[in-house]
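**Q** sequence below, structure please.
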Amino acid sequence: VEIPPKSPDGSEKSPQSKELLTSNTASTLCISSRSESIWTSTSRSKWDIYHKPVIVLSVGGAIFVFGIVITSLSCFQIKNKHVYKLCGPALLSLGLMLLVCGLVWIPIIRKKQKQRQSSQFLQSLKSFFFNR
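**A** Here you go, the predicted structure:
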């Protein structure tokens, strides 16, 4: 009579439970993956799609304006003029970089949305013709 090996925690599991455990883990991994499945056709609002680039644009604009203010303060006679001369251009460049990243991100998302819509359309056509 062959005794199945015990698991490290001391509990015995049948082969069926091991199989269920691995299939459950695989489905959990698929659900928690970052990429969206083609099979899920939940419609998302515009805010859900564009909230990250809008936030990056807003933060970049705020930093850019703050950099303009700090840089203009260096033109006046103030005690810490050298600090303003260092921080102003740094904030200007950081804000401009975030603005450009946000502005480039929006067309990329639009292109991905169009590709996703055409891919879902092709998948539905394929399933219609091949599942008959």
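**Q** for the longest helix that the chain contains, what does the pLDDT average out to?
**A** If you go by DSSP state H, the chain has its longest helix at helix 81-130. When pLDDT is averaged over helix 81-130, the result is 88.
**Q** residue contacts, the nearest residue to Met97 once chain neighbours are set aside?
**A** Leaving aside its sequence neighbours, Met97 sits nearest to Gly60 (C-beta to C-beta, 6 or more residues apart in numbering; 7.2 Å). Every C-beta, even on glycine, is put in place using the N, C-alpha and C of the backbone. Gly60 makes contacts with 94-102, as judged by C-beta atoms under 8 Å, 6 or more residues apart in numbering.
**Q** please name every helix or strand in contact with the longest helix of the chain.
**A** Applying 3 or more C-beta pairs under 8 Å, 6 or more residues apart in numbering; DSSP states H and E, we find helix 81-130 packed against helix 46-73.
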